[in-house]
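# kindly generate the corresponding structure for this input.
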Amino acid sequence: MKIDFYIADPTGNITALVDYKPDIDLKTAAHKIMNDDNSIEQVGFISFDDEKIKLRMSGDEFCGNAAMSSAALWYKLSGKSGEQETEVLFYGVKEPVKTRVLEKSGYYYCKCAIKRPEEVKNIEFTADKKGYNFPLVCFDGITHIIADNTISEQAAIGVIKNLSCRLNAKALGIMLLNEDKTFLKPLVYVSGTDTLFFENSCASGSCAVSAAIGAKGEKMSLDQPGGTLEILNLGDVLLLSGKVKISARYSKEI
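Predicted coordinates:
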């Protein structure tokens with residue numbers, strides 16, 4: 001089978017957006033794409049319905065960067081100009097993501113309204129014989145632990161799959177936040193595809209940081225390996241801002 005896809009770069013979190021076909025094996029296609037290009041961190045399957053976008057991630061997870069990327073691709077292919085609004089409907093996620101997009105100098109500037117997480121609480125666990133107690137932020141479709149530099153990167157890698165199983169999470173992030181709370185290094189595990197990455201940026205993880213430690217009305221800028229994401233905490237909604245670059249169209253046999 002031949003599949004067609006675009007590559008999107010939302011703050012370094014390289015995302016393949018594949019034209020959805022009913023008979024496609026999502027996991028096979030995703031692994032083929034990622035194995036052939038190790039810069040790609042995630043794969044989504046996309047279709048368009050008038051002013052709305054249907055998006056299914058290969059692990060059925062929620063992804064803020066994929067929401068921005070799919071909105072940017074919709075804008076590009078629609079031939080629209082000026083700021084436009086659309087909705088991204090994720091498979092398995094109850095609420096659509098309202099998104100505004102504007103193209104400028106080859107980049108697509110996106111704002112996504114992410115519904116406040118379903119739950120924010122604390123989680124206790126042990127890694128490398130040390131005990132930890134961190135905020136746990138549960139969105140519909142992805143869960144994040146907001147950690148700090150008291151846990152090492154290797155310890156986080158060693159414990160994330162077990163924690164994902166314990167929490168029955170479609171996807172679990174451990175967001176390694178520096179002591180000044182300005183730089184974020186995201187570690188994300190998606191159980192459905194068994195993929196683990198130190199991502200160049202994580203949009204839902206950035207929103208999780210804002211939900212866990214930010215105050216209503218506070219605007220937070222989080223530097224990440226791939227660039228900066230901004231989140232405005234509006235209480236019931238977290239307004240995520242970032243930019244996306246879209247590459248050319250590709251085809252591949254799977």
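# state the mean pLDDT of stretch 56-63.
Stretch 56-63 comes out with an average pLDDT of 96.
# end to end, how far does that stretch reach?
End-to-end distance for stretch 56-63: 10 Å, by CA to CA, to the nearest Å.
# who touches it?
Stretch 56-63 has contacts (CB atoms under 8 Å, 6 or more residues apart in numbering) with 15, 20, 26-27, 29-30, 42-45, 66, 90-93, 139-142, 170-171, 190-193, 195, 203-204. For glycine as for every other residue, the C-beta is placed from the backbone atoms N, C-alpha and C.
# show me this structure divided up by domain.
2-115+240-253, 119-233 (automatic domain parsing).
# tell me, how many residues neighbour the residue nearest to residue 41 when sequence neighbours are not counted?
Once flanking residues are discounted, residue 41 sits nearest to residue 197: 4.9 Å by CB to CB, 6 or more residues apart in numbering. For residue 197, the count of nearby residues is 19 (other CB atoms under 10 Å).
# got a pLDDT number for residue 197?
95.
# mean confidence for the longest strand seen in the chain?
Criterion DSSP state E: the longest strand present in the chain is strand 237-253. Per-residue pLDDT values over strand 237-253 give a mean of 94.
# cool, and stretch 176-189?
Mean predicted lDDT for stretch 176-189 stands at 96.
# go on, stretch 202-216?
Rounded mean pLDDT across stretch 202-216 is 97.
# run through who's touching that stretch.
For stretch 202-216, contacts defined as CB under 8 Å, 6+ apart pick out 10-11, 13, 62-65, 67-68, 112, 114, 116-117, 120, 135, 137, 139, 142, 144, 146, 173, 175, 177, 181, 184, 186, 188, 218, 220, 222, 224, 229, 231, 233-235, 238, 240, 242.
# which residues of this structure fall in helices?
Counting by DSSP state H, the chain has helices at residues 26-36, 64-78, 153-167, 203-213.
# of the ones you listed, which is nearest residue 6?
Evaluated with CB to CB, the helices of the chain place helix 64-78 nearest to residue 6, the distance being 5.7 Å.
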